Every structure is written in C-alpha cells, then in structure tokens.
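Asks: Based on what follows, work out the 3D shape:
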Amino acid sequence: MALEAGKYCDGAGLWLVKPEPKNGKWVLRITVHGKRREMGLGRWPDVSLAEAREKADEARRELRDGRDPIRERQKRRRVAQRNLHLFRDIAHDAFETRKAELRDGGKAGRWFSPLELHVLPKLGHMPVAEITQIDLRDCFAPIWHTKAETARKALTRTSICLEHAAALGIDVDLQAPKKARALLGKSKTTSTNIPALPWQGVPTFYQSLDEGSVTHLALRLLILTGVRSKPLRFMREEQIEGDVRVIPADQMKGRKDATADFRVPISTEALRVINKARQHARDGYLFPSVRKGVISDATMSRLMERRGMKARPHWFRSSLRVWLAEATDASHEVAETMLGHVVGSAVVRA
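Replies: You can find the predicted model right below:
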C-alpha cells in the first residue's frame, strides 16, 4: 500500500518527506558544527530505501571524521564537473592561449592542424580526465610509422593540451603521452635528406637562370643573399634601404616577439637582380605570382625538378654555408650570423 503524503522517519535522522502520495524526497537531518542541517539524498521513488540508507551511512561516516557531508558532496560535484571537460574544448582553449606566441596569431593553422586532423576525430569527444596512454596509443598507431613527423607533432601538441587541462585544475594523467610513446615504440620511418647543390655547381646553375622571369630572378636573389624562401618571396620595395634589405621580424624563423629584424647586405649583383625584379613588381611585392599574391616555393622547386635536380631552393643556404667553411676564412660566428642563426648566449651576443 502506497504511503500517503506526510513525513516518515526511518531512524537515525533519515526521513522520507512526501508532499503528495506519488512524489517525495529523502532527507538526512544532521548536526554540523553545532548547527542543524538537512541534507537531500535524492528523489523518491527514483532513489530506493536501500540507496537512501547507503547514502545516509556515508554522510554519517564523514560527519564522524569531522567533515561536513554537504560540503564534501559539493566538492565532489565540482571535481566531476571539471572532469567533464571534453578534450576538444581543452585543445581549442590551449590553442587560443598560445596564439599570441605563434606567427600571425596561428592563422596558418600549423600548430592546430595535427590535432584537428589526427587527434580530435578520435579523442575530441572524450572527457580529458579519462584519456589514458591506451587511448593515445590507439589514436596514433595508424600514423606512427607512416607519418612519423606528423605523429610526433600531434603527440607533442596533445601533451601541451593535457598540461593546459592540469593548469585548469582538471585531474589528468600528464604521463600518458610518455607512456603512449613507450607503447608505440620507435618509429620505423627513416627520414630522407634532400641533398644540397654542391657549392662548386652553384655558379653554373646561377648563370643558367637567364630568362629574366620572376622565377629565375627569385632563384638568383635567393642564391646571392642566402635568405630563406619566405622572406625572399615576400620581399617588398620599402624593405630596401640603400644597399641593405631589412627583413621584418615576422618573416624570420623564430618565436614571435623573440626575433628581431634581420639586415641583409645587398651586393652589386644582387642590386642588379632587384632592379630587374622591379619590372615585375605588383602591389609592392617584387616577386608576384601570375595571378595573385607572391610566387610560391613550389614554383621554384618545380623549375629545379624539371631540370632533373634533386636539390631544392631552401638548400642553397646549405651550399652557402659549406662554401663559407671551405673556401673562405669566415669565422663560425660570422657564417652562422649570415644565415640568420643565433650564435652564443644572450650575454655573449650583447
């Protein structure tokens, strides 16, 4: 027979309070630090008498230990709420936090893309606190040997995301990425180095670039200045100050706000190439593409590929470095500085 509306005591402070016959709630009356309190234990009939007694016993144990059962429950709920954060949300938050450190605010997508392509589709829906080394192993196993460098970057970014979650107060396993690496083993992929053109062959190749096209002129200036492809391709008229070209810090390799402008001397031959490039200039850029923007690195690479060359544009820097070491008396510090490399500690550089 169903109990009518009213209050029914089960003993030791446990009550069933029924405002109407079909609904009610379990309440535990306790004294905390000298004050009478009522602690709800759930709705009736969803919570059975056995469950209510079990919850009441747990609360009484906490009370005997000098703890407030109501506050302890609130703490557990807060922890559970924190741990419900999905990895996808943590990854996006970690990315937003680091945008200020990334080139162009991370617009190129290079930092986030390894996560977006290889991690979020599999782990994005999981609470970050539940991610284990087994989950990471299963996530990265398909690309661990076939796309080793991409997998390495993605796992490193994942580790950063877990550290971000820990900073937010979420209970995560910070060792999971390290343990996943141990489970995955050493990558079987071997990197293939692209050879640089021996410096002895550079003059002949330089002389062959005689068409006066944007591609030929860009490759010539790349050889003459030893800069990287991007600052060469994005070279603008206003960056030329007499016989010096000033490369803005945001075009130099290095962390944002930790890299300074780089000054490159312009030789007589380089100035001659620049003057020819000015005839092709568009929107302030000396090396525009056929349609819009600037010439691509792939355009220069394809020219060398069509000639049967294994070397690529970037490796003219290597050719220059070897020439400096073998054919000149330039010191190590001077040679490295010419390539825009940081030499020595901050104290030495000062």
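
Asks: alpha carbons only for contacts and neighbour counts from here, please
Replies: Fine.

Asks: what about this structure, any weak spots by pLDDT?
Replies: Within the chain, the ranges that satisfy pLDDT under 70 run 1-2, 79-84, 103-108, 189-193, 254-258, 343-350.

Asks: which residues in it form strands?
Replies: 6-11, 14-20, 23-32, 35-44, 240-241, 244-247, 262-265 (DSSP state E).

Asks: what does the last one contact?
Replies: Contacts of strand 262-265 with the rest of the structure, by CA atoms under 8 Å, 6 or more residues apart in numbering, involve 225, 243-249, 252, 338, 340.

Asks: swap the cut-off to 6 Å and go again
Replies: 243-247 (CA atoms under 6 Å, 6 or more residues apart in numbering).

Asks: ranges for the helices of the stretch 51-200 of the chain?
Replies: Along the stretch 51-200 of the chain, the stretches classed as helices by DSSP state H, counting those that start in this stretch are 69-82, 87-98, 113-118, 120-123, 133-144, 148-167, 176-184.

Asks: and the third one, how far from the chain's centre?
Replies: Right, the one you point to is helix 113-118. On the basis of CA atoms, centre = their mean, to the nearest Å, helix 113-118 sits 9 Å off its chain's mean C-alpha point.

Asks: how does this protein divide into domains?
Replies: Domains of the chain are assigned by automatic domain parsing as 6-82, 87-184, 199-349.

Asks: what ranges do the helices span in the stretch 201-350 of the chain?
Replies: 202-208, 214-225, 229-233, 268-277, 297-306, 316-327, 332-338, 346-349.

Asks: how close does Asp138 sit to Gly185?
Replies: Distance from Asp138 to Gly185, counting by CA to CA, to the nearest Å: 13 Å.

Asks: what about Glu4, how many neighbours?
Replies: For Glu4, the neighbour count with other CA atoms under 10 Å is 13.

Asks: do the same with the one 4 residues further on
Replies: When counting by other CA under 10 Å, one arrives at 14 neighbours for Tyr8.

Asks: okay, now Thr225: neighbour count?
Replies: Applying the criterion other CA under 10 Å, we find 20 residues in the vicinity of Thr225.

Asks: which residue is nearest the middle of this structure?
Replies: Centroid-nearest residue in the chain, with CA atoms, centre = their mean: Trp111, separated by 3.8 Å.

Asks: so what's that one up against?
Replies: Trp111 neighbours (CA under 6 Å, 6+ apart): none.

Asks: now, which of the contacts of strand 262-265 sits nearest Glu269?
Replies: Proximity of the contacts of strand 262-265 to Glu269 (CA to CA) peaks at Asp243, which lies at 11.1 Å.

Asks: residues contacting the closest one?
Replies: 265-266 are the contacts of Asp243 under CA under 6 Å, 6+ apart.

Asks: and stretch 157-165, how far from the chain's centre?
Replies: On CA atoms, centre = their mean, the centre of stretch 157-165 falls 9 Å from that of its chain.

Asks: send the alpha carbons of it over as PDB?
Replies: Coordinates of each C-alpha in stretch 157-165 appear next as PDB, following Å, rounded to 0.1, in the frame of the first residue of the first chain:
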ATOM      1  CA  ARG A 157      50.500  19.100 -29.000                       C
ATOM      2  CA  THR A 158      48.400  16.600 -27.100                       C
ATOM      3  CA  SER A 159      50.800  16.700 -24.200                       C
ATOM      4  CA  ILE A 160      50.500  20.500 -24.200                       C
ATOM      5  CA  CYS A 161      46.700  20.200 -24.100                       C
ATOM      6  CA  LEU A 162      46.900  17.900 -21.100                       C
ATOM      7  CA  GLU A 163      49.200  20.300 -19.300                       C
ATOM      8  CA  HIS A 164      46.700  23.100 -20.100                       C
ATOM      9  CA  ALA A 165      43.900  20.900 -18.600                       C
END
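
Asks: Need the residues that contact it.
Replies: So stretch 157-165 is contacted by 91, 94 (CA under 6 Å, 6+ apart).

Asks: circling back: dump the strands of the chain to TSV, plus distance to Thr132.
Replies: Shown next, in TSV, are the strands of the chain (distance: least, CA to CA, whole Å):
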stretch	distance to Thr132
strand 6-11	43
strand 14-20	40
strand 23-32	38
strand 35-44	33
strand 240-241	54
strand 244-247	45
strand 262-265	45
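
Asks: for these, which one sits closest to Gln74?
Replies: Nearest to Gln74, of the strands of the chain and by CA to CA, is strand 35-44 at 11.5 Å.

Asks: Next, the buried residues of that closest one.
Replies: 38, 40-44 (16 or more other CA atoms under 10 Å).

Asks: before we move on, the earlier item: and among the domains of the chain, the most buried is which?
Replies: Here the criterion is mean neighbour count by mean count of other CA atoms under 10 Å, and of these the winner is domain 87-184, at a mean of 18.

Asks: distance between the ends of that domain?
Replies: Termini of domain 87-184 sit 21 Å apart (CA to CA).

Asks: From the chain's centre, how far out is it? Work that out for me.
Replies: 8 Å.

Asks: one step back: of all the helices of the stretch 201-350 of the chain, which lies closest to His145?
Replies: That would be, of the helices of the stretch 201-350 of the chain and by CA to CA, helix 297-306, which comes in at 26.3 Å.
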